[in-house]
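[1] With the input below, show me the fold.
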Amino acid sequence: MPSVHLIDAIPHFVSSEEHRSLVASTPVSFSDIPPVIRYKEDDVAVSIDPPLKGFSTEDAARGTLYVLTSVLAFMSTTGRGFQIEYPTITLHAISRGDTPSIYCQLDESATEEDPAAIQAEEDGVSDMRELSIVPRSPESLEPIFEALSQCASLHPDKHDDEDDLDDAFIEDDGTFETFTGDGDQELSEVGRVRSDFINDNRFAPY
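    Presented below is the predicted three-dimensional model:
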């Protein structure tokens with residue numbers, strides 16, 4: 001099963017205010033409550049490598065990004081889009097190179113359930129896909145990254161050890177802070193990769 005799923009419509013979602021109202025009304029089942037939208041950004045371009053079958057360069061050129069509590073979704077102006085489940089996003093970082101973007105590594109084997117995929121994971125073999133999200137305004141990078149970090153924290157990787165650190169740091173007040181190298185902070189393996197990526201910006205979305 002691929003990490004990126006093609007869609008022709010954005011999943012139904014509600015605002016934070018609507019969510020609070022639904023929760024306050026004591027629904028029959030909390031699982032029936034739609035996901036919450038944490039951030040929306042229009043006029044976004046994306047790049048997927050290797051390319052996604054059925055999703056063209058034209059589809060990737062312009063659309064709207066939706067950071068939902070359930071999935072990360074993109075809908076192109078062409079009417080085609082995709083969604084990604086958060087556990088498959090193994091790394092996300094801000095690239096401030098020539099083309100400022102959000103860079104993500106996607107684990108193609110994270111959602112596999114067949115014996116071959118399980119054996120490949122145990123052997124340390126993992127197929128990766130790269131996603132770059134390029135908003136029109138570089139000022140949008142921070143809010144996109146923060147919303148993505150918040151939503152990803154709601155879907156921890158079941159295969160990770162409980163002591164493993166995510167690639168974002170959570171303060172006591174619930175806010176997210178990227179690593180700066182100050183004080184006594186230490187980077188996890190993922191964090192070190194993320195730091196190296198940010199420092200040299202060798203990846204470009206196009």
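
[2] beta partners for residue 81?
    residue 7, residue 75 (DSSP bridges).

[3] Which helix or strand contains the nearest residue to residue 136 once chain neighbours are set aside?
    In this structure, residue 136 finds its nearest non-sequential neighbour in residue 43, 4.4 Å apart by C-beta to C-beta, 6 or more residues apart in numbering. Backbone N, C-alpha and C define where each C-beta goes, glycine included. Assigned by DSSP states H and E, residue 43 belongs to strand 37-49.

[4] elements contacting the helix or strand just after that strand?
    Sequence-wise, the next helix or strand downstream of strand 37-49 (DSSP H and E) is helix 57-61. Helix 57-61 sits against strand 37-49, strand 71-76, with contacts defined as 3 or more C-beta pairs under 8 Å, 6 or more residues apart in numbering; DSSP states H and E.

[5] what would those look like in JSON lines with mean neighbour count, mean pLDDT and distance to residue 101?
    What follows is the helices and strands packed on helix 57-61, written out as JSON lines (neighbours: other C-beta atoms under 10 Å; pLDDT from 0 to 100; distance: least, C-beta to C-beta, whole Å):
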{"stretch": "strand 37-49", "mean neighbour count": "19", "mean pLDDT": "97", "distance to residue 101": "8"}
{"stretch": "strand 71-76", "mean neighbour count": "23", "mean pLDDT": "98", "distance to residue 101": "13"}
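
[6] Columns distance to residue 17 on top of those, output as JSON lines?
    Shown next, in JSON lines, are the helices and strands packed on helix 57-61 (distance: least, C-beta to C-beta, whole Å):
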{"stretch": "strand 37-49", "distance to residue 17": "11"}
{"stretch": "strand 71-76", "distance to residue 17": "20"}
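
[7] how about those, which one is nearest residue 105?
    With C-beta to C-beta, the closest approach to residue 105 among those belongs to strand 37-49: 10.5 Å.

[8] Tell me the strands beside the closest one, with direction?
    Partner strands for strand 37-49, per DSSP bridges, with pairing direction: strand 63-68 (antiparallel), strand 128-135 (antiparallel).

[9] mean confidence score for the first one?
    Translated: strand 63-68. Strand 63-68 shows a mean pLDDT of 98.

[10] pLDDT weak spots in this structure?
    Residue ranges of the chain with pLDDT under 70: 1, 26-30, 110-126, 157-206.

[11] and if we set it to 80?
    By pLDDT under 80, the weakly predicted segments of the chain are 1-2, 25-32, 109-126, 157-206.
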